[in-house]
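Trainee: Next comes the sequence, and after it the predicted model I'd like to discuss.
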Amino acid sequence: MFLKKCHSKKTGRTQLSIAHGYRNLNGKSKYRIVQTIGYLDELQKKYPDSVARFTMVAKQMDNERMVNKSLGVVLDAFEAVSSTSEQCVLTDAVVNAILHKL
């Protein structure tokens, strides 16, 4: 996650947001706004170094996201596994999908 600063030419104000970067299915880089913080001029009245402060908040949120990112898979150790080609292909597809999500 990162701090996104968006300056409006119309109002002359800068808005701060916390964004999450990702890649879409075509591999193009995109971002999603996770939280809108507010306008920089208003935030600087409360927090003198608001850009540095909210940059740290974005890093902390990203660290929490990475810690909470988990994947659970339950396998029955006593269930017999057959080796038919359809099941192997399906298993490979599931494993590849899981690995690409990580």
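Mentor: Structure received.

Trainee: C-alpha only now, for contacts and for neighbours.
Mentor: Fine.

Trainee: Now Lys4, what are its backbone angles?
Mentor: Dihedral angles of Lys4 (phi, psi; degrees, to the nearest 10) stand at phi -110, psi 130.

Trainee: Correct me if wrong: it contacts Ser17.
Mentor: Yes: taking CA atoms under 8 Å as the definition, Lys4 is a contact partner of Ser17 at 5.1 Å.

Trainee: Now do the helices in the protein.
Mentor: 40-46, 50-68, 85-101 (DSSP state H).

Trainee: What residues sit buried inside the second one?
Mentor: The one in question is helix 50-68. Of all the residues in helix 50-68, those buried under the rule 16 or more other CA atoms under 10 Å are Ser50, Val51, Phe54, Thr55, Val57, Ala58, Met61, Asp62.

Trainee: Report the mean confidence score over it.
Mentor: For helix 50-68, the mean per-residue pLDDT is 89.

Trainee: which secondary structure elements does that helix contact?
Mentor: When contacts are defined as 3 or more CA pairs under 8 Å, 6 or more residues apart in numbering; DSSP states H and E, helix 50-68 packs onto strand 2-7, helix 40-46.

Trainee: Which one, of those, ends up nearest to Val34?
Mentor: strand 2-7 (9.8 Å; CA to CA).

Trainee: Could you check the angle the closest one makes with helix 50-68?
Mentor: Strand 2-7 and helix 50-68 are oriented at 140 degrees to each other (axes from the mean of the first three to the mean of the last three CA atoms, to 10 degrees).

Trainee: And strand 2-7, what does it pack against?
Mentor: On a contact count with 3+ CA pairs under 8 Å, 6+ apart, strand 2-7 meets strand 14-23, helix 50-68.

Trainee: now the residue nearest in space to the middle of the chain, which residues is it bridged with?
Mentor: By CA atoms, centre = their mean, the chain has its centre lying nearest to His20, at 4.5 Å. Beta-bridge partners recorded for His20 (DSSP bridges): Arg32.

Trainee: Test for you: state the pLDDT assigned to it.
Mentor: At His20, the model reports a pLDDT of 92.
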